[in-house]
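Asker: Got a predicted structure here, sequence first:
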Amino acid sequence: MCCSTGVCGPSVDPALATFAGDLEVLSNQGVAVTRHNLSQEPKAFADDQTVRELLHERGDEVLPVIRVNGELRATGRYPTRRELEAWAHGEDAAILDSVTSELVAIAAAIGANCESCLKFHYNEARRLGVSSAVMSAAVRVAQTVKDAPAASITALAARLLGSASEELGASTSQSSDTRAEDASCCSPASSGSSSESSDAPCCGGETGELITIGAKDQGSAGCG
């Protein structure tokens, strides 16, 4: 193969393609990920004493080698996304499965008005097989939570301003037909919708590789 995406060469390697996508998710979360290919970058393997000894003892079957903050975490296999998230963010990250994590991220994107975040996590959820109906439900809940305090503060402004704000009061009444002044964040709301977007790209190395995963990069964007 000429690259690590798993989609080139004589046949597609689904495990490698999935792993490349999982690493792309980590990278977009600000985690530093470096991949080395044995045939193209042998010096990276020779310079690492632990990896060098593993290769001497077990040969190529030890690859891929996964190191997290310098600690050896896996050999001879590609880890799952849940393992990667737990290693990169702590064990608590493994409590949520991948689908739930993407739905939470979609809802957070709605709350933050982050278009790039919504597009990215929409595509990730779609890749995991999440239906449009389920994603729409997450958007509705997020939008309801987001709208409730806005409706309440506008109603409060109208009440405080009294007769001097008839126009504001009328506007508030129209926008609050389906909400009480102290609306619950679980009350019904109109559905938002995410638009189609091209799939997030993936990239990486191939089976004979060394992958290092570092601590979260505080200077990186969250999810671009």
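Answerer: Looks like it came in fine.
Asker: CA atoms for contacts and neighbours, from now on please.
Answerer: Noted.
Asker: Just the buried residues of the longest helix along the chain, please?
Answerer: If you go by DSSP state H, the chain has its longest helix at helix 132-161. Neighbour counts over helix 132-161 (16 or more other C-alpha atoms under 10 Å) mark 135-149, 151-152, 154-156, 158 as buried.
Asker: I'd like the average pLDDT over stretch 30-42.
Answerer: The average of the pLDDT scores along stretch 30-42 is 89.
Asker: Quick one: the strands in this structure, in order.
Answerer: 31-37, 65-68, 71-75, 209-216 (DSSP state E).
Asker: Give me the residue ranges of this structure where confidence is low.
Answerer: Applying pLDDT under 70 to the chain picks out residues 1-12, 91-96, 163-208, 215-224.
Asker: all helices of it, in order?
Answerer: Using DSSP H, helices in the chain cover 14-28, 42-46, 49-58, 81-89, 98-112, 115-127, 132-161, 166-175.
Asker: Ala86: neighbouring residues, count only.
Answerer: A total of 15 residues lie near Ala86 under the criterion other C-alpha atoms under 10 Å.
Asker: Compute the distance between it and Phe19, please.
Answerer: Counting by C-alpha to C-alpha, to the nearest Å, the gap from Ala86 to Phe19 is 15 Å.
Asker: go on, Arg67?
Answerer: From Arg67 to Phe19 the distance is 15 Å (C-alpha to C-alpha).
Asker: between these two, who's got more neighbours?
Answerer: Phe19 (22 against 19).
Asker: Look up the closest residue to the more buried one, ignoring the ones flanking it.
Answerer: Excluding the flanking residues, the one nearest Phe19 by C-alpha to C-alpha, 6 or more residues apart in numbering is Tyr78, at 6.8 Å.
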